[in-house]
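Enquirer: have a look at this prediction, sequence included:
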Amino acid sequence: MTVALNAFEVFEIAEQIERNGAKFYRKAAELFNEPDICNMFLELADWETRHEQVFQDMKKQLVKLNKKPRTCELEKKQLDPKLMACLAVFGTVSEPLHRLKSIEKIADVLKTAIVKEQDSITFYEGLKDFVPTSDDKNKVDDIIEEEMRHIKILNQALKQRE
């Protein structure tokens, strides 16, 4: 059965990815007693929360424009935005948050975060196909640039650990 995923649902997925990312970084901040690392993770969490708000605003704008949302047909029965976000990037509440409980090295948390940030960039590149205006495409590009900055920050922290 083919199911269409519309732009509104794609924005919901993006919002969920950002919520999951913020939870991941807040949990990572709790794991270590190094102030620099904790502050870095908390700052990343705050950025993810701001990204969520941007996607909420874009979704509201889509409703205001009252345009027929572009759809993407997928071979799935039921597409739940929360589930799609969990599969796409930062995982469910228990994954990778659950995995964080067993990680003892900061370097391993940083490596996990880098992979998740790279995955989010890939998702957001595809998201631009669902965005109706060039202004909103630019906002998505801005978020992608910030996600790239996150990767740089995480890589720098990782290099300091190795």
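Expert: All right, it came through fine.
Enquirer: what's the mean pLDDT across the longest helix anywhere in the chain?
Expert: If you go by DSSP state H, the chain has its longest helix at helix 35-65. Regarding helix 35-65, the rounded mean pLDDT is 88.
Enquirer: what packs against it?
Expert: helix 7-31, helix 134-161 (3 or more CB pairs under 8 Å, 6 or more residues apart in numbering; DSSP states H and E). (C-beta placed from N, C-alpha, C; glycine too.)
Enquirer: which intervals of this structure have sub-threshold pLDDT?
Expert: Applying pLDDT under 70 to the chain flags residues 1-6, 65-102.
Enquirer: how does it look with 50?
Expert: Confidence mapping of the chain against pLDDT under 50 gives the ranges 1-3, 69-79, 83, 86-87, 91-94.
Enquirer: okay, the helices and strands packed on helix 35-65, which one's buried deepest?
Expert: Compared across the helices and strands packed on helix 35-65, helix 7-31 shows the largest average neighbour count, a mean of 22 (mean count of other CB atoms under 10 Å).
Enquirer: that helix to helix 35-65, inter-axis angle?
Expert: Angle between the axes of helix 7-31 and helix 35-65 is 170 degrees (criterion: axes from the mean of the first three to the mean of the last three CA atoms, to 10 degrees).
Enquirer: from the contact counts, what lies against helix 7-31?
Expert: Short answer (3+ CB pairs under 8 Å, 6+ apart): helix 7-31 packs on helix 35-65, helix 81-88, helix 97-102, helix 106-127.
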